[in-house]
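In: kindly generate the corresponding structure for this input.
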Amino acid sequence: MFADGEKRSTMKGYSRHQWVYRALRFLMGPYLKHKFQYTYEEAKVKHRPYIVLSNHNTDWDPFLVGLSFPDPMYFVASDHIFRWGLISKIIKYLVSPIPRIKANKEVETVMQIMRRLNDGANICIFAEGNRSFTGETGQIFLSSGKLIKRCRAALVTYRLEGGYLSSPRWAKRLRRGKMSGRMIREYSPEEIAQMSVDEINAAIARDLYVNADADQQKNPVAYIGKNLAENLETALYLCPRCGQINTLTGRGNTFSCPCGLKLKFTPFGRFESEDGTPPPFSTVLEWSRWQSRQIEERVRHLPPHPEVITSDQGQSLYRIHRARKNTLLGKGLLKLTSQQLILESKDKTWVFPLDQISDMAIHGSMVLVFSTTDRETFEIKTDHPRSALKYVELFKALKSSIQEEE
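Out: Numbering: from 1, shown residues only. The predicted model follows:
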């Protein structure tokens, strides 16, 4: 694209963004190193411009990754941070992130990335698009390889470790343990040109893979904090003892169900039974894998007529206006059947047939995001802890079942 370091960006505000980026690295570095017991290696990148792809586990990851890269970068960020009014305007002015709506394939996001690369700027993308609920690196977007191939810039893979137990996606509070970050590999534009899209995706998945459980088995680290099980029900929603959805609750360090299941979640990220008997699962990852398999099995055996699979009161439905604002449509009971997602308020009922929902995702721990086939995007927020993950996993299983039938 360009010879190393030859092109100076002429993008509007670039000098300001550079200054802010370097100031934030200087100011945030000591704080983050202390807060997360974070260690990192400086990335020595030979080619410019470049795209950094990293795994993702904490809300602080852009700052943590940035500490390794002296060269300023622009981050691709979830669209919801652009809908915070004055705060969003300040963020855009200072660092100008690139918005991306979850559950939506956005051409505009890709075009912004390419424009900035063409102008000589570097880009950072969190390749999973989501933080992990389990401590295992999630599926890398299959479109990542196509994007890297199309941009013809260098690719830098970067791996963060220890982030999941420092800040579980489902948790309200941080824990104090250890984190580290380092560049795994740089792929030159010439190397990328010789690789297929599948080979690029495989390299990204390999370089970014982290399994917190496996890391803890090799080198146990205590992640100390308060109320370690609080809000765990947003990730684990299916009880292995009674088989019910929505009955599990995390309070303090205890995760329990009215059926009698009672477990302690330890600083090492493991479950222990309070009565001394073996727990049904040792880790969140083990439980989550079982949970996903159970959901797929249950969906295959649903009766032919529509019935409510799961529901939650106190849910608010919003229409998203891209990178600008939310509009509240209604508040009430959210229901998922084998054919529809429904929100019932006092004044109106909104019905979304599943065959008209193109994709569904989560931002934060509990905000459900979905896009429709006519390119509208909606959010569902909650007044109390509830699992958005159950809706996503049920939706995917139902869509898969429908496709198999067709």
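In: the stretch 1-150 of the chain: strands as residue ranges?
Out: Secondary structure of the stretch 1-150 of the chain (DSSP state E, counting those that start in this stretch): strands located at 38-40, 50-54, 73-78, 98-100, 122-126.
In: looking at those, which is buried most?
Out: Mean neighbour count (mean count of other Cβ atoms under 10 Å) peaks for strand 50-54 among the strands of the stretch 1-150 of the chain, with a mean of 26. C-betas here are computed from N, CA, C, even on glycine.
In: what's the angle from that strand to strand 122-126?
Out: Angle of strand 50-54 versus strand 122-126, following axes from the mean of the first three to the mean of the last three Cα atoms, to 10 degrees, is 20 degrees.
In: so what's Ile245 bridging to?
Out: Leu238 (DSSP bridges).
In: let me see the contact set for it.
Out: Residues near Ile245 by Cβ atoms under 8 Å, 6 or more residues apart in numbering: Tyr237, Leu238, Cys239, Ile309, Thr310, Lys390.
In: for the fourth one, the count of nearby residues, please.
Out: So that's Ile309. By the criterion of other Cβ atoms under 10 Å, Ile309 has 19 neighbours.
In: just give the nearest non-adjacent residue to it, would you?
Out: Nearest residue to Ile309, sequence neighbours excluded (Cβ to Cβ, 6 or more residues apart in numbering): Leu336, at 5.2 Å.
In: about what we covered before: how about the strands of the stretch 1-150 of the chain in a markdown table, adding mean pLDDT and distance to Trp290?
Out: Output for these, formatted as a markdown table (pLDDT from 0 to 100; distance: least, Cβ to Cβ, whole Å):
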| stretch | mean pLDDT | distance to Trp290 |
| --- | --- | --- |
| strand 38-40 | 97 | 33 |
| strand 50-54 | 97 | 29 |
| strand 73-78 | 91 | 29 |
| strand 98-100 | 86 | 31 |
| strand 122-126 | 96 | 27 |
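In: need those in TSV (columns: distance to Gln18).
Out: Listed next are those as TSV, based on distance: least, Cβ to Cβ, whole Å:
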stretch	distance to Gln18
strand 38-40	21
strand 50-54	16
strand 73-78	10
strand 98-100	16
strand 122-126	11
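In: out of those, which comes closest to Ser345?
Out: Closest to Ser345 of these is strand 73-78 (Cβ to Cβ; 26.5 Å).
In: show me what the closest one is packed against.
Out: Applying 3 or more Cβ pairs under 8 Å, 6 or more residues apart in numbering; DSSP states H and E, we find strand 73-78 packed against helix 61-66, strand 98-100, helix 107-118, strand 122-126.
In: longest helix in this structure, please.
Out: Longest helix in the chain, counting residues (DSSP state H): helix 14-35.
In: show me which residues of that helix are buried.
Out: Across helix 14-35, burial judged by 16 or more other Cβ atoms under 10 Å covers Tyr14, His17, Val20, Tyr21, Leu24, Arg25, Met28, Gly29, Leu32.
In: isn't the residue nearest to Ile309 right up against Ala397?
Out: No. Leu336 is not in contact with Ala397 according to Cβ atoms under 8 Å; the separation is 11.0 Å.
In: my guess is Tyr187 contacts Ala154, does it?
Out: Yes. Taking Cβ under 8 Å as the definition, Tyr187 is a contact partner of Ala154 at 6.5 Å.
In: re earlier: and which of the contacts of Ile245 is nearest Leu302?
Out: Ile309 (7.5 Å).
In: re the thing from before, pairing partners for the stretch of helix or strand the residue nearest to Ile309 belongs to, with directions?
Out: Here Leu336 sits within strand 325-337, counting by DSSP states H and E. Using DSSP bridges, strand 325-337 pairs in its sheet with strand 308-321 (antiparallel), strand 340-344 (antiparallel).
In: nearest to His363, of the ones you listed?
Out: The nearest among the strands paired with strand 325-337, by Cβ to Cβ, is strand 308-321 at 10.7 Å.
In: which parts of that closest one are buried?
Out: Buried residues in strand 308-321 (16+ other Cβ under 10 Å): Ile309, Thr310, Ser311, Asp312, Gln315, Ser316, Leu317, Tyr318, Ile320.
In: again with stretch 382-402
Out: Under the neighbour-count criterion of 16+ other Cβ under 10 Å, stretch 382-402 has 382, 385-399, 401 buried.
In: low-scoring stretches of the chain, by residue?
Out: 1-10, 101-106, 322-324, 402-406 (pLDDT under 70).
In: picking that back up, would you reformat the strands paired with strand 325-337 as TSV and include distance to Phe75?
Out: Output for the strands paired with strand 325-337, formatted as TSV (distance: least, Cβ to Cβ, whole Å):
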stretch	distance to Phe75
strand 308-321	20
strand 340-344	31
